[in-house]
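Trainee: Could you work out the structure for the sequence below:
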Amino acid sequence: MQVLVLTKNEIEQLISMNEVMQAVEVAFKEKGLGFAQMPPKIYLSYSKYNGDLRAMPSYLERLNISAVKVVNSHSENPSKYNLPSVMATIVLIDPQNGAPLAIMDGTWITAMRTGAAGGLAAKYLARKGSKKVGLVGAGAQAKTQLLALMTLYGKLDLVKVWSRTRELRENFVYEARMTYKDLSQIIAVENIEDATKEVDILVTTTPSRTPLVFDKWISEGTHINCIGADAPGKEELDPNILKRAKIVVDDWEQASHSGEINVPLSQGIISKNDIWGDICEIAAGLKHGRTSESEITVFTSTGLAIQDAVTAKLAYDKALSKKIGQTIEMF
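Mentor: This is a model prediction of the structure:
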């Protein structure tokens, strides 16, 4: 049988953020309504290499889409091996017979679908007309988070960027200025506090295991997308922020194990009763998102396998229509 193989460069040509956000929103709704099978991620820990590997299967029953992703997280890869800290491979499956339809690079898909989730969280949880954004972290994921917010809002008045190194944040600012003509102002800031103050939306994308963003810096009405905490022990926020906030997860089992809430939960600072709900329930209309201008909202993203599945299917369908990629004989 013929199996389509797609590279990262090919996938970058095939999918746009607007399309991915639409696909991920549909996937969220399907899961919220109970039409998705998605066991929690399975982890392998490579502790001596400061990394891990995750397996992520899913099946969207009504959409007839199924996939399995294998993805790593090695924060030292860029400096040690000149490799991305996150790399992924996705196998798209035909649910009717279990045969592989495609094998594709999942690195760009992971970045795009995670950015899309942040954009959708802002749609449901940020104040309407949000125009000021703070970014804590300036790596690959910060780029697609900004792309999603620009796709959602069309124009932003101010973006403030912090990262541990001056070179990284200044490069981020330069690239963003070249990319977005509807971005009025983007600046690199010297400390995290400056990135967090007087913004409508704050996005954290670091691999930190100690809080970086503190309660006293967060104003009423702020929405926070927590993207970096995606493994046990990781956290970016002062737990006191969570105690003030409406907390929305992407999936309870994953978030309680490895999302922004995992450490304060394990320490008894917050409990399951403090979690408002998940983004899938909100997308499906089963729960409200933001209900006032003053509430602080927090979205804790761990990344759902269904996001990968629908984005992989999007890339696959477009590749077939455009005759992009190579086919191989598997059996």
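
Trainee: What residues of the helix or strand hosting residue 171 count as buried?
Mentor: Per DSSP states H and E: residue 171 is located in helix 166-179. Of all the residues in helix 166-179, those buried under the rule 16 or more other Cβ atoms under 10 Å are 168-169, 172-173, 176. Quick note: C-beta positions are derived from backbone N, CA and C, even for glycine.

Trainee: ditto for stretch 287-301
Mentor: Under 16+ other Cβ under 10 Å, the buried positions of stretch 287-301 are 287, 289-290, 295-301.

Trainee: Filter the residues you listed down to just the ones in strands.
Mentor: When DSSP state E is applied, the buried residues of stretch 287-301 are split such that 297-300 fall in strands.

Trainee: Nearest to residue 15 among those residues?
Mentor: Nearest to residue 15 among these: residue 299, at 22.3 Å, using Cβ to Cβ.

Trainee: and the closest one, what does it touch?
Mentor: The contact partners of residue 299, by Cβ atoms under 8 Å, 6 or more residues apart in numbering, come to 117-118, 121, 125, 223-226, 248-250, 279.

Trainee: Just the residues contacting stretch 40-54, thanks.
Mentor: Residues contacting stretch 40-54 (Cβ under 8 Å, 6+ apart): 55-56, 69-77, 231, 251, 253-254, 257-258, 302, 305.

Trainee: Pull out the buried members of those.
Mentor: By 16+ other Cβ under 10 Å, these give 56, 69-75, 77, 231, 251, 254, 257-258, 302, 305 as buried.

Trainee: thinking again about what came up before, now, which of the contacts of residue 299 lie within helices?
Mentor: Using DSSP state H, the members of the contacts of residue 299 that fall in helices are 117-118, 121, 125, 279.

Trainee: Point me to the helix or strand that includes the most centrally placed residue in the chain.
Mentor: Nearest residue to the geometric centre of the chain (Cα atoms, centre = their mean): residue 114, 2.4 Å. In this assignment (DSSP H and E), residue 114 forms part of helix 107-125.

Trainee: partner strands of the next helix or strand after that helix, parallel or antiparallel?
Mentor: Once helix 107-125 ends, the next helix or strand along the chain (criterion: DSSP H and E) is strand 132-136. The strands beside strand 132-136 in its sheet (DSSP bridges) come out as strand 158-162 (parallel), strand 201-204 (parallel).

Trainee: In terms of secondary structure, what does the strand or helix carrying residue 311 contact?
Mentor: In this structure, residue 311 sits in helix 305-322 according to DSSP H and E. Using 3 or more Cβ pairs under 8 Å, 6 or more residues apart in numbering; DSSP states H and E, the elements in contact with helix 305-322 are strand 2-6, helix 8-14, helix 17-32, strand 51-60, strand 65-74, strand 88-93, strand 100-105, helix 107-125.

Trainee: Just name the most buried of these.
Mentor: Most buried of the helices and strands packed on helix 305-322, by mean neighbour count (mean count of other Cβ atoms under 10 Å): helix 107-125, with a mean of 26.

Trainee: quick one: that helix to chain centroid distance?
Mentor: 5 Å (Cα atoms, centre = their mean, to the nearest Å).

Trainee: Now do it against strand 88-93, angle only.
Mentor: Put simply, helix 107-125 runs at 90 degrees to strand 88-93, going by axes from the mean of the first three to the mean of the last three Cα atoms, to 10 degrees.

Trainee: just the angle between helix 107-125 and helix 17-32, please?
Mentor: Using the same axes, to 10 degrees: helix 107-125 against helix 17-32 is 70 degrees.

Trainee: Report the backbone C-alpha coordinates of helix 107-125 in CSV.
Mentor: Output of helix 107-125 as CSV, limited to C-alpha atoms (Å, rounded to 0.1, in the frame of the first residue of the first chain):
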residue,chain,number,x,y,z
THR,A,107,7.5,19.5,14.7
TRP,A,108,5.8,22.3,12.8
ILE,A,109,2.4,20.8,13.4
THR,A,110,3.1,20.8,17.1
ALA,A,111,4.2,24.4,17.1
MET,A,112,1.2,25.5,15.0
ARG,A,113,-1.5,23.6,16.8
THR,A,114,-0.2,24.8,20.2
GLY,A,115,-0.2,28.3,18.9
ALA,A,116,-3.7,27.8,17.7
ALA,A,117,-4.8,26.6,21.2
GLY,A,118,-3.4,29.8,22.7
GLY,A,119,-5.3,31.8,20.1
LEU,A,120,-8.6,30.0,20.8
ALA,A,121,-8.1,30.4,24.6
ALA,A,122,-7.7,34.2,24.0
LYS,A,123,-10.9,34.1,21.9
TYR,A,124,-12.9,32.7,24.8
LEU,A,125,-11.1,34.0,27.9
